[in-house]
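In: okay, sequence plus prediction incoming.
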Amino acid sequence: MKIIILGGTGPQGKGLAKRFAKAGHEIVIGSRDGEKARECARELNELLDQTSVSGTSLEEATQQADELVILSVPYAAHDATLEAIRPLLNGKILVDIVVPLAPGNPKAVDMPEAGSATEAAQALLGDEVAVVGALHNVSAVTLNDLERPLNCDILVCGNDLAAKKTVMALCESLGTKAYNAGLAESARCIEAITPILIRLNISKEVPFSHAGIRICPPEGH
């Protein structure tokens, strides 16, 4: 699958580009600075010893989308980025992985009036775009360390079932298990998990770093 990653030069987007490219997908990195995106693509192709990653501007990257675009920008740029590419997204799936962390405090969220970043994206883009929330709780450090397996599960939410199934299959191509976590309103809970994980990692309350989440059966099953 061709995957467009907007904000693919940041830690989260770059890690996803690495993982998806390694899994055999074609990657187009989009950035406000097209040259920065191209340089990032060259770096990843050299690292992975392949040519499946390219880079360009946000608008040009979105124009190349066949089916799916991943939004991986800082929350402060969330709405402005969507406004800039809005006409180019009709008929596509937008995977929103953005977490609305509180300014200056990554251990808390500052949810928008819509309830979550995922819901805000759906409200802004309208019904012509299927917005799916996913990959909110995966550590950027883990994503970028290709020697480390993604030892976590992915919660996927949104109002379009077919779009969710597409995104779940895409996530599982990374070797993870993805779960349908309900409608877009579920993002209010899912996005809020991330600052809890950050808090645990910072406080050393868990005996490892870069914690994720795992859906486990009851003991004995």
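Out: Perfect, I can see it now. Numbering: from 1, shown residues only.
In: ranges for the helices of this protein?
Out: 11-22, 34-48, 58-63, 78-85, 117-125, 140-144, 161-172, 187-203 (DSSP state H).
In: ok, and the helix or strand in the chain with the lowest average confidence?
Out: When the helices and strands of the chain are scored by mean pLDDT, DSSP states H and E, strand 105-109 comes last with a mean of 86.
In: list the neighbouring strands of that strand plus their orientation.
Out: Using DSSP bridges, strand 105-109 pairs in its sheet with strand 101-102 (antiparallel).
In: what lies in contact with the strand it pairs with?
Out: Contacting residues not belonging to strand 101-102 are listed as 75, 108, 109, 110, 194, 195 [C-beta atoms under 8 Å, 6 or more residues apart in numbering]. All C-beta spots, glycine's among them, are computed from the backbone N, C-alpha and C.
In: contact partners for the residue most central in space within the chain?
Out: Computing the C-alpha centroid of the chain and ranking residues by C-alpha atoms, centre = their mean puts residue 97 first, at 3.4 Å. Residues in contact with residue 97 (C-beta under 8 Å, 6+ apart) are 12, 16, 70, 71, 72, 133, 134, 135, 136.
In: so the fourth one is in contact with residue 79, correct?
Out: No - between residue 71 and residue 79 there is no contact under C-beta atoms under 8 Å: 10.7 Å.
In: who has more neighbours out of these two?
Out: Legend: neighbour count by other C-beta atoms under 10 Å for residue 71 and residue 79, higher for residue 71 (25 against 16).
In: distance of that one relative to residue 125?
Out: 10 Å (C-beta to C-beta, to the nearest Å).
In: repeat that for residue 45.
Out: According to C-beta to C-beta, residue 45 and residue 125 sit 31 Å apart.
In: who has more neighbours, the two?
Out: Counted by other C-beta under 10 Å, residue 45 and residue 125 do not tie: residue 125 has more neighbours, with 20 against 17.
In: is it true that that one touches residue 86?
Out: Yes - counting by C-beta under 8 Å, residue 125 touches residue 86, with 6.2 Å between them.
In: any residues in contact with both of the two?
Out: By C-beta under 8 Å, 6+ apart, no residue touches both residue 125 and residue 86.
In: what's the local residue count around the spatially closest residue to residue 175 that is not a sequence neighbour?
Out: The shortest distance from residue 175 to any non-neighbouring residue, by C-beta to C-beta, 6 or more residues apart in numbering, is to residue 150 (5.9 Å). Counted with other C-beta under 10 Å, the neighbours of residue 150 add up to 19.
In: pretty sure residue 150 is in contact with residue 171, am I right?
Out: No - at 9.2 Å, residue 150 does not count as touching residue 171 under the criterion of C-beta under 8 Å.
In: so, low pLDDT: which residues of the protein?
Out: 205-209, 220-221 (pLDDT under 70).
In: thinking again about what came up before, and the nearest residue to the residue nearest to the centre of the chain once chain neighbours are set aside, how far from residue 61?
Out: Leaving out its chain neighbours, the residue that sits closest to residue 97 by C-beta to C-beta, 6+ apart is residue 135, at 4.3 Å. To residue 61, residue 135 is 18 Å away according to C-beta to C-beta.
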